[in-house]
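In: next one to model:
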Amino acid sequence: MDLDDILKQVPIGDIAEKFGVSPDVARQAVQEGGAALVGGLAKNAESPEGSSAIEEALNRHGGFSGASKVDDVDQADGDKIVKHVFGDKKGEVVESLTKSEKTAGGIDFGKLLPILAPIIMGVIANAKGSSGSGGGGLGGILGGLLGGGQQGQASGGQGGGSVIGDILGGLFGGKK
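Out: As a prediction, this is how the structure comes out:
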């Protein structure tokens, strides 16, 4: 499973329409926002407390089958997920993504991330459920989404690593 699997579950066209941007701009924003959320989840999963909190949240999101419209997504739940993932760094993440040259195009990530978060949690919950929970279950899934094992920097394959690596590195004390 990789970030493209998540993108297939996201209503890119509806996001483009709601935000008044082209589908290409919406797709790029979803890729960057999705990678930031997955990277944040992976960082949280490194601690036992964070990992168990993610496991609990995933249990509530299993059985998700994609969203055909933005209105199908529980954005209040999404906002809670974003707050849990980024904690007091949420504002910095939103600002970094919104101002990034890679995502410049008029997308307000403060509104986009709560749309993406429940979709991403649902996709991860389904993947985790289908792979069974082994020792590396959650870490393996998150690492795979980021483009390979957890040893690497939080910069995924998908060509979008630099923005995400910079943001997550800056937030979580890594090197840029």
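In: what ranges does this structure have for its helices?
Out: Secondary structure of the chain (DSSP state H): helices located at 3-7, 12-19, 23-44, 48-61, 75-86, 90-99, 109-131, 137-145, 161-172.
In: P11 is in contact with R27, correct?
Out: No: the criterion here is Cβ atoms under 8 Å, and R27 misses it with P11 at 11.2 Å. (C-beta placed from N, C-alpha, C; glycine too.)
In: so between these two, which is more surrounded?
Out: P11 (21 against 17; other Cβ atoms under 10 Å).
In: burial of the residue lying closest to G20 once chain neighbours are set aside, as a residue count?
Out: Nearest residue to G20, sequence neighbours excluded (Cβ to Cβ, 6 or more residues apart in numbering): G106, at 6.6 Å. Neighbourhood size, G106 [other Cβ under 10 Å]: 12.
In: G106 and K18, how far apart?
Out: For G106, the distance to K18 equals 12 Å [Cβ to Cβ, to the nearest Å].
In: cool, G50 as well?
Out: As for G50, its distance to K18 is 31 Å (criterion: Cβ to Cβ).
In: same question, K69
Out: 9 Å.
In: ok, S52 next?
Out: Separation of S52 from K18 (Cβ to Cβ): 34 Å.
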